[in-house]
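# need a structure here:
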Amino acid sequence: MLSGDLNIFYDNTYLGKSKILAEQIIDTLELSVARDRDIQVKRESKKELNDKRFVGSNVKESLAYEITVKNNKRTKISMVLNDQVPVSEYKSVFVELNETADAEHDEKTGVLTWKFDLEPGETKIVKYDFSIKYPKALSYRAN
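This is a model prediction of the structure:
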């Protein structure tokens, strides 16, 4: 492959320009071009499952999320869905992943990855939850 300019089209619509630097490509070229409006993704905090308790000199917070993905395309798609849980940098703060809905979990980065196919019109819901235990003197704010 040669280095050069790249014109990006999606569904016969011009999206923009980019560059390819051949010396930076190994064996796979991944491009993120634009949001696909035919794939809907919605992430919600499940507030009814969230909890905050005081245990001795610590606080234990439980947080739960649900991600809904819907394929509105006329064709089957292969989906890679990523989200992230906190990763503690302190010995006094513990993060415990409880439910992952079969996600791959990178413990160093906290990234959760789900890989699945969706048929036309199909919807998939993935749920995950985790707990954070930390000293009362520290504060934590969930997004």
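
# beta partners for the residue nearest to the spatial centre of the chain?
Centroid check for the chain by Cα atoms, centre = their mean gives D83 as the closest residue, at 1.9 Å. Using DSSP bridges, the beta-bridge partners of D83 come out as L112.

# Name all residues that make contact with it.
Applying Cβ atoms under 8 Å, 6 or more residues apart in numbering, we find D83 in contact with R43, Y65, I67, V111, L112, Y128. Bear in mind the C-beta positions are built from the backbone N, C-alpha and C, glycine included.

# one more time with 10 Å, if that's ok
Neighbour list for D83: R43, Y65, I67, T100, A103, G110, V111, L112, T113, W114, V126, Y128 [criterion: Cβ atoms under 10 Å, 6 or more residues apart in numbering].

# same question, G56
P135, K136.

# what about it, distance to V93?
According to Cβ to Cβ, to the nearest Å, G56 stands 15 Å off from V93.

# same question, R53
16 Å.

# How about L15?
L15 is 42 Å from V93, by Cβ to Cβ.

# Have a look at these two and say which one is more surrounded.
V93 (16 against 12; other Cβ atoms under 10 Å).

# Good, wrapping up.
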